[in-house]
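S.K.: One predicted model, sequence on top.
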Amino acid sequence: MALIVQKYGGTSVASAERIRAVAQKIKAFKETGDQLVVSVSAMSGETNRMTALAQTIQDTPSLREMDVLLTTGEQVTIALLTMALQQLGCDAISYTGSQVRIMTDSEHGKARIKSIDDHRIRQSLTQGKIVVVAGFQGVDEDGHITTLGRGGSDTTAMALAAALKADECQIYTDVDGVFTTDPRIEPNARKMNVVSYEEMLEMASLGSKVLQIRSVEFASKYKVPLRVLSSLIDNPVGTLITSEENIVEQALISGIVHNKDEAKLSLIGVPDEPGIAFKILSPISIANIEVDMIVQSVSAREGLTNFAFTVHRNDFKTASKILDCLCQELSAMIVQSDNKVVKVSLVGIGMRSHAGIATQMFEVLHNEGINIQMISTNEIKISVVIDEKYLELAVRSLHAVFELDKE
Ligand code: ADP
Ligand code: ASP
Ligand code: MG
């Protein structure tokens, strides 16, 4: 008997009808004799709706209260799904994150799972029950409710799979697997049958929304096979995310990832002297703002330099205010702030052994008249920051030139 952890995302449980359809699928799985633990997200749009609602009450609500609010979304779906299962004659039980002791640190809004007490889940499984666990939520040592960051139900499912030593973790969503790029941007995107943990980690960290990065970190650390597949079709095959050594043929480039959450800030004409990067970035880090790309360039004026970096768009306003203060303090010339930029990245393990991919990428963007504002590379990815109006054009032309639509 295998133990399978399944996760159903927001679109899969978006209405009572969808919830009933998911319950039918779960019932059919259960009839094959496997043990099942199911983790669910809130109904599609609910987390956004509650976030907007909170902002009508308070400009910047406390992160703790936001967690208390947002976790209700998943509490609704675990109850409804369990009722739908019981209605079909299945023995099922729902648990919130705190009931199964999904213990996290106290970083409200982006907490990390530290441990899961598998005792209660195992007890229910032994009784033959289907166990339905709320995604996205946990509890800290002092009993405060926490959330794992947007898309966090993926991580709940993977952490459960790791804690229970499951045979596979299946992430059900609205697309049948991981594609060469977001199929919403490029309809010719091709589904990949297998992807290595390493490439998936890179894709998730560069902003691919299909899996939350921490879920892939868990999968790769505990070597639990992870599959992404569609809940909207019959007999989905999906994409298996597994160790590199299990992959026979490795493509040069496996995917193109975009991230719309980027904002760029530049301080122009700061003194080119030791400690300048520290002076600019330390107030940013004290404000708990994560910095992604950093570029320091030589300015035309002697003794002066330009310093640019990117942050998440949610942190744009706060970071801009900090730079405005720094501009005076450091006698810089001006601050340039731009939250209409995106990051587009090419990812592929094959790039390790292949030079010239970056040049080819820059040529494609040049041919399309797209200006590159920032570049960063590592051995398996190349990222550029460009104006957001060129997002579709950049993704589609790179997809075509690198022939990602072909096997
Ligand atoms: P869920 O609510 O099920 O968690 P998400 O919206 O978080 O679903 O993730 C699924 C979405 O991820 C897809 O609808 C797709 O638009 C997007 N996506 C981005 N990049 C990719 C990719 N490379 N392959 C597949 N889907 C992708
Ligand atoms: N409901 C949460 C979100 O919308 C968690 C998830 O869906 O994974 O981000
Ligand atoms: Mg998601």
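M.R.: Okay, I see it. Ligands and ions are numbered 1, 2, ... in the order given.

S.K.: contacts and neighbour counts: CA atoms only from here.
M.R.: Will do.

S.K.: Flag every residue of the protein that's near ligand 1.
M.R.: Where proximity means CA under 6 Å from any ligand atom, the interface of the chain facing ligand 1 comprises 9-11, 151, 173-175, 177-184, 208-210.

S.K.: give me that answer again for 8 Å
M.R.: 8-12, 41, 44, 151, 153-154, 171-185, 191, 203, 208-212, 255-258 (CA under 8 Å from any ligand atom).

S.K.: filter these by proximity to ligand 2?
M.R.: When contact is defined as CA under 8 Å from any ligand atom, the residues of the chain next to ligand 1 meet ligand 2 at Gly9, Gly10, Ser41, Ser44, Gly151, Ser153, Asp154, Gln212.

S.K.: How about the secondary structure of the closest residue to the second one other than its chain neighbours?
M.R.: For Gly10, ignoring the flanking residues on the chain, the nearest one in space by CA to CA, 6 or more residues apart in numbering is Ser44 at 4.0 Å. Secondary structure, DSSP: H, G, I helix; E, B strand; the rest coil: Ser44 is coil.

S.K.: Next up, the contacts around whatever residue of the stretch 151-300 of the chain ends up closest to ligand 2.
M.R.: Of all residues in the stretch 151-300 of the chain, Gly151 sits closest to ligand 2, with a separation of 3.3 Å (CA to the nearest ligand atom). Under the criterion of CA atoms under 8 Å, 6 or more residues apart in numbering, the contact partners of Gly151 comprise Phe136, Lys209, Leu211, Gln212.

S.K.: which two from those end up farthest apart in space?
M.R.: Largest separation among those by CA to CA: Phe136 and Lys209, giving 14.9 Å.

S.K.: More neighbours: the two, which one.
M.R.: When Phe136 and Lys209 are compared on other CA atoms under 10 Å, the one with more neighbours turns out to be Phe136, at 31 against 16.

S.K.: Mind checking which of the contacts of Gly151 land in helices?
M.R.: The subset of the contacts of Gly151 located in helices under the criterion DSSP state H is empty.

S.K.: for the closest residue to ligand 1 within the stretch 301-407 of the chain, what are its contacts?
M.R.: For the stretch 301-407 of the chain and ligand 1, the shortest gap (CA to the nearest ligand atom) falls at Val347, measuring 10.7 Å. If you count contacts by CA under 8 Å, 6+ apart, Val347 has them with Glu199, Glu202, Met203, Ile253, Ser254, Gly255, Ile256, Val257, Ile380, Lys381, Ile382.

S.K.: how about 6 Å then?
M.R.: Ile253, Ser254, Gly255, Ile380, Lys381 (CA atoms under 6 Å, 6 or more residues apart in numbering).

S.K.: Now that we have the residues of the chain next to ligand 1, which of them are buried?
M.R.: Among the residues of the chain next to ligand 1, those classed as buried by 16 or more other CA atoms under 10 Å are 8-12, 41, 44, 151, 153-154, 171-182, 191, 203, 208-212, 255-258.

S.K.: What number of residues are in the vicinity of Ala23?
M.R.: A total of 23 residues lie near Ala23 under the criterion other CA under 10 Å.

S.K.: Report the rounded mean pLDDT for whichever strand or helix holds it.
M.R.: According to DSSP states H and E, Ala23 maps onto helix 16-30. Helix 16-30 shows a mean pLDDT of 97.

S.K.: Provide the secondary structure category for the residue lying farthest from the centre of the chain.
M.R.: The outermost residue of the chain relative to its centre, with distances by CA atoms, centre = their mean, is Glu302 at 42.4 Å. In three-state terms, and counting by three-state DSSP, Glu302 is coil.

S.K.: ok, back up a step: helix, strand or coil for the residue of the stretch 151-300 of the chain closest to ligand 2?
M.R.: The local conformation at Gly151, judged by three-state DSSP, is coil.

S.K.: Quick check: phi and psi on it?
M.R.: Main-chain dihedrals, Gly151, degrees, to the nearest 10: phi 80, psi 10.

S.K.: show me where pLDDT drops low in the stretch 251-400 of the chain?
M.R.: 299-301 (pLDDT under 70).

S.K.: Which residue ranges of it form helices?
M.R.: Applying DSSP state H, counting those that start in this stretch to the stretch 251-400 of the chain gives helices spanning 276-286, 316-329, 357-367, 391-401.

S.K.: List the buried residues of the helix holding Ala23.
M.R.: With burial defined by 16+ other CA under 10 Å, the residues of helix 16-30 counted as buried are Arg18, Ile19, Arg20, Ala21, Val22, Ala23, Gln24, Ile26, Lys27, Lys30.

S.K.: Convert it to CSV, retaining C-alpha atoms only.
M.R.: Listed in CSV are the C-alpha atoms of helix 16-30, where the atom choice follows Å, rounded to 0.1, in the frame of the first residue of the first chain:
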residue,chain,number,x,y,z
ALA,A,16,-18.9,23.8,-4.9
GLU,A,17,-19.1,22.0,-8.2
ARG,A,18,-15.3,21.8,-8.5
ILE,A,19,-15.0,20.6,-4.9
ARG,A,20,-17.5,17.8,-5.7
ALA,A,21,-15.5,16.9,-8.7
VAL,A,22,-12.2,16.8,-6.7
ALA,A,23,-14.0,14.6,-4.1
GLN,A,24,-14.9,12.1,-6.9
LYS,A,25,-11.3,11.9,-8.0
ILE,A,26,-10.1,11.4,-4.4
LYS,A,27,-12.7,8.7,-3.9
ALA,A,28,-11.5,6.9,-7.1
PHE,A,29,-7.8,7.0,-5.8
LYS,A,30,-8.8,5.7,-2.4
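
S.K.: And that helix, what does it pack against?
M.R.: Under the contact criterion of 3 or more CA pairs under 6 Å, 6 or more residues apart in numbering; DSSP states H and E, the helices and strands touching helix 16-30 comprise helix 63-87.

S.K.: on contacts alone, who are the packing partners of the helix it packs on?
M.R.: helix 16-30.

S.K.: For the closest residue to Gln86 other than its chain neighbours, list the residues it contacts.
M.R.: Leaving aside its sequence neighbours, Gln86 sits nearest to Ala92 (CA to CA, 6+ apart; 6.3 Å). Each residue near Ala92 by CA under 6 Å, 6+ apart is listed here: Thr82, Lys129, Ile130, Val131.

S.K.: Once you drop chain neighbours, what's closest to Ser124?
M.R.: Closest to Ser124 by CA to CA, 6+ apart is Val131, at 6.9 Å.
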